[in-house]
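In: Next input, structure requested:
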Amino acid sequence: MNFPLFLLLTLFCYSLANAQVGINTLNPRSTAVLELESEFGDGSFGGFMMPRLTSDNLNSLTTALTSNDEGMLVFVTDLREVRIWNGSLLQWEILFTFNNSSPVANSIVISGTVRVGETITGNYSFFDGDGDPEGTTTFQWYVADDAQGTNQSPIPNATNATFTLTADEVNRFIGLGITPIALRGTSPGEEIIFYNTTPVAEEIVLWINEIHYNNIGGDQNEGVEIAGTSGTDLTGYSILFYNGSNSSVYDQIPLNGIIPNVSNGLGVLNFAHPGIQNGDPDGIALVNNDGVVVQFLSYGGTITANGGAANGLTSIDIGLTETELTPLGVSIQLQGSGNRFSDFVWNANITATRGTINLGQIFN
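Out: Residues are numbered from 1 along each chain as shown. Have a look, this model is predicted:
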């Protein structure tokens, strides 16, 4: 018997006797059934080549596998994937692939009202064809001349999923770019930019502009006038009346109508309503179509609302009242020059101007 053959038999018998197999080593670890040593006797190195087959071969193999074959490893050459047999599910699982795909941001939409002062939110779905989990996906808001992104430019520091619109975006189109990032595998994915189909509208400015609730004799022409941005549809808005004795709502007016352009993009609508309480104090809350309080005023003192849309809010006392001695035909009105509530001041006993701009008031 020649020496190489003798050595091979010796190694084989040694391995059988010890129930371990060592390749390129005479001393496989006692805890290993099979141990591979990467270094050859001449100082060169090699690696482990697992069984290789095509996807067609894999399909043929699959028909013969059972739950007892769980853990079998193969390399699928045409798919360039390492797969492991899942005996519980009786299917192959991808352990690793050289063809890892980039993640994708799908179904991007912008929710919220596209108007100055409003906060909008970007929503999307994350997809990774290899099942890689999502990492820290990034966001960038843009403005452009149209919904196709013409002359688009990124908005500085607008890198969150939400964005509060400012006057800088008025009449321009807002877009959101989303760059999907996966925790592992090929990443990041391509930035996808979605544009809203309508331009950013100017801020809706609304306020209570005129009030009348008490006069000499029987109360006449009671009501509340609303002023604000022309074109605003008040459908869904409401006025709530608060009783100062218990801070709760005692009455309400559902609003409707579109504010006309009386002057410089602002206008007024009057809402007659008999039975407004005489205070002291009582309150009036203007509530928008989302149920959010736009303004909460009172006369004869302040009120912390108990219930209704203004629940928990404290009113702003206008500082003026009407009494049983208030002459007929007058009201409490805002006067001055401006384009929002804070530009004007309250005055009493002014000739009522229901449905028209107040005396001594200029919209600019």
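In: Next, the contact list for G338, please.
Out: By CB atoms under 8 Å, 6 or more residues apart in numbering, the residues touching G338 are 344, 362-364. Where C-beta positions appear, they are placed from N, C-alpha and C, glycine not excepted.
In: Please enumerate the helices of this protein.
Out: 3-18, 55-62 (DSSP state H).
In: Are there helices or strands packed against the shortest one, and which ones?
Out: Meaning helix 55-62. Packing partners of helix 55-62 (3 or more CB pairs under 8 Å, 6 or more residues apart in numbering; DSSP states H and E): strand 73-76.
In: Going by contacts, tell me the helices and strands next to the strand it packs on.
Out: strand 52-53, helix 55-62, strand 81-86.
In: Please identify the most buried of the ones you listed.
Out: strand 81-86 (a mean of 18; mean count of other CB atoms under 10 Å).
In: so what strands line up beside that strand?
Out: strand 73-76 (antiparallel), strand 91-97 (antiparallel) (DSSP bridges).
In: what does that strand rub up against?
Out: Residues from elsewhere that reach strand 81-86 (CB under 8 Å, 6+ apart): 50, 58, 65, 69-76, 91-99.
In: of those, buried ones?
Out: 58, 72, 74-76, 92, 97 (16 or more other CB atoms under 10 Å).
In: Contacts only, for the nearest residue to E210 once chain neighbours are set aside.
Out: Leaving aside its sequence neighbours, E210 sits nearest to E225 (CB to CB, 6 or more residues apart in numbering; 3.7 Å). For E225, the contacting residues are 208-211, 268-271, 354-355, by CB under 8 Å, 6+ apart.
In: repeat that for 10 Å
Out: Going by CB atoms under 10 Å, 6 or more residues apart in numbering, E225 touches 207-212, 268-272, 331, 333-334, 352-358.
In: Also D317?
Out: 281, 283, 297-303.
In: Name the nearest of these relative to V21.
Out: For the contacts of D317, the closest approach to V21 (CB to CB) belongs to I303, at 87.4 Å.
In: Which members of the contacts of E225 are classed as buried?
Out: 207-212, 268-271, 331, 333-334, 352-355, 357-358.
In: What residues are bridge-paired with the closest residue to L53 other than its chain neighbours?
Out: Using CB to CB, 6+ apart and skipping residues adjacent in sequence, the residue nearest L53 is V74, 5.9 Å away. Residues in a beta bridge with V74, per DSSP bridges, are R83.
In: how is the chain carved up into domains?
Out: Following automatic domain parsing, one finds the domains of the chain at 3-97, 104-195, 206-363.
In: chain center to the first one: distance?
Out: When you say that, I think you mean domain 3-97. 50 Å (CA atoms, centre = their mean, to the nearest Å).
In: Report the mean confidence score over that domain.
Out: Here domain 3-97 scores 81 as its mean pLDDT.
In: Same question for the second one.
Out: For domain 104-195, mean pLDDT rounds to 94.
In: what's the neighbour count on the spatially closest residue to S337 that is not a sequence neighbour?
Out: Distances taken as CB to CB, 6+ apart put I362 closest to S337, at 4.2 Å, once the chain neighbours are dropped. Using other CB atoms under 10 Å, I362 is surrounded by 15 other residues.
In: do the same with T31
Out: For T31, using other CB under 10 Å, the count is 7.
In: show me what contacts it?
Out: Q20.
In: mind listing the strands for the stretch 201-350 of the chain?
Out: For the stretch 201-350 of the chain, applying DSSP state E, counting those that start in this stretch gives strands covering 206-212, 223-229, 238-243, 248-254, 266-272, 282-287, 293-299, 316-317, 330-338, 345-351.
In: could I get those as TSV with mean pLDDT and distance to G308?
Out: As requested, the strands of the stretch 201-350 of the chain are arranged in TSV below (pLDDT from 0 to 100; distance: least, CB to CB, whole Å):
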stretch	mean pLDDT	distance to G308
strand 206-212	97	16
strand 223-229	96	16
strand 238-243	98	5
strand 248-254	97	4
strand 266-272	97	17
strand 282-287	97	7
strand 293-299	96	9
strand 316-317	96	16
strand 330-338	97	22
strand 345-351	97	24
